[in-house]
Each structure stands twice: as C-alpha cells, then as structure tokens.
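A.B. asks: would you be able to build a 3D model of this:
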Amino acid sequence: MVGERNGSGLNSEHGQVTEEFFMTRDEMRARTKAYASRVVKLCKALPDEWVARTLGMQLLRSGTSVGANYRAVCRAKSTADFLNKLKIVEEECDESVFWMELLVDNNLVKPKLLNSLMQEGDEILSIVVASAKTTRAAQTS
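C.D. replies: Numbers count the residues shown, from 1 in each chain. Got it, this is the predicted structure:
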C-alpha cells in the first residue's frame, strides 16, 4: 500500500492502510523511477533489428510512463483524481510487462535476463491494484 507514516501508526490521505505491507509515497515514487530506469537500460541493450526496436519503443513508452504517471498520482487533488491517475499507472505497468513477455516469447531476450524486471513490474502492478481497491473500499465505508 502507499501512504504516509505518522507518529501514531500508518496513515494515508486516500485511505491506503494495511499492516501487512506499507510503502510511503516517496518510496513508491523512487521504486517506479528505478523501474523506469531499468526499462531504459533494457531498451538500450536490445538487438538492433526492426522487431526488437519496435517492441522496445513500446516498452520504453509504457515502462517509463509508470514512473512519470505515479508522480501525477502523488499530486492528485481528490480521491477520484487519485483513482483515475492510479488506473493509468496500472494500465501502463501491465502493458510494459506485456511487451517484455513478447520480447521473451519471440526469442529477442533470454527469459533469465528479464525475470527480475518482469517480477518488479508484477509487484508494482499488485501494489497499485491493492492501493486502488483499498481506496475504493474506504470510500464506501
């Protein structure tokens, strides 16, 4: 979950609180930026052929968008705005994992070279989805 810590425990402006897992907005911002940087490095190292370049451009766009759009989440003006912006992060993260799967499926990158980055994409995606669910649940209670 993403939120802010306070002296009395865990707190979040948008109701994203859980005791099992907690990450501050700054930690999540750093994590999504690091993910974007890893995507950039991967795209720079792709084979110099048109299929790899084409898939790489798609991956570069969606993978770096994860970090950029998470920054927008942090500037949300309302809960509805927060959820809308978070949905964009969810879609871009899922898309970036899709492009990596295609790179592997088409033998353009060895699976062992992408496992860690794909796992990070899946983890970020899970955090974002859980955060949105928790926020929606807090709205209805």
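A.B. asks: who are the packing partners of the lengthiest helix in the chain?
C.D. replies: With secondary structure taken from DSSP state H, the chain has its longest helix at helix 111-140. Contacts defined by 3 or more CB pairs under 8 Å, 6 or more residues apart in numbering; DSSP states H and E place helix 111-140 against helix 25-45, helix 50-74, helix 79-105. The way it works is simple: take the backbone N, C-alpha and C, and place the C-beta from them, glycine included.
A.B. asks: can you rerun that using 10 Å?
C.D. replies: With contacts defined as 3 or more CB pairs under 10 Å, 6 or more residues apart in numbering; DSSP states H and E, helix 111-140 has these neighbours: strand 2-6, helix 25-45, helix 50-74, helix 79-105.
A.B. asks: out of these, the one nearest residue 137 is which?
C.D. replies: Ranking the helices and strands packed on helix 111-140 by distance to residue 137, with CB to CB as the measure, places helix 79-105 first at 11.7 Å.
A.B. asks: quick one: the closest one to helix 25-45, angle?
C.D. replies: Interaxial angle, helix 79-105 versus helix 25-45 (axes from the mean of the first three to the mean of the last three CA atoms, to 10 degrees): 30 degrees.
A.B. asks: quick one: distance of helix 79-105 to the chain centre.
C.D. replies: Averaging C-alpha positions (CA atoms, centre = their mean, to the nearest Å) puts helix 79-105 6 Å from its chain's average.
A.B. asks: which positions in that helix come out as buried?
C.D. replies: For helix 79-105, a neighbour-count test (16 or more other CB atoms under 10 Å) marks 82-83, 85-86, 88-97, 99-100, 103-104 as buried.
A.B. asks: circling back to that earlier point, take the helices and strands packed on helix 111-140 and write them to a markdown table, including mean pLDDT and distance to residue 133.
C.D. replies: Output for these, formatted as a markdown table (pLDDT from 0 to 100; distance: least, CB to CB, whole Å):
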| stretch | mean pLDDT | distance to residue 133 |
| --- | --- | --- |
| strand 2-6 | 42 | 12 |
| helix 25-45 | 97 | 16 |
| helix 50-74 | 97 | 15 |
| helix 79-105 | 98 | 10 |
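A.B. asks: done for today, thanks.
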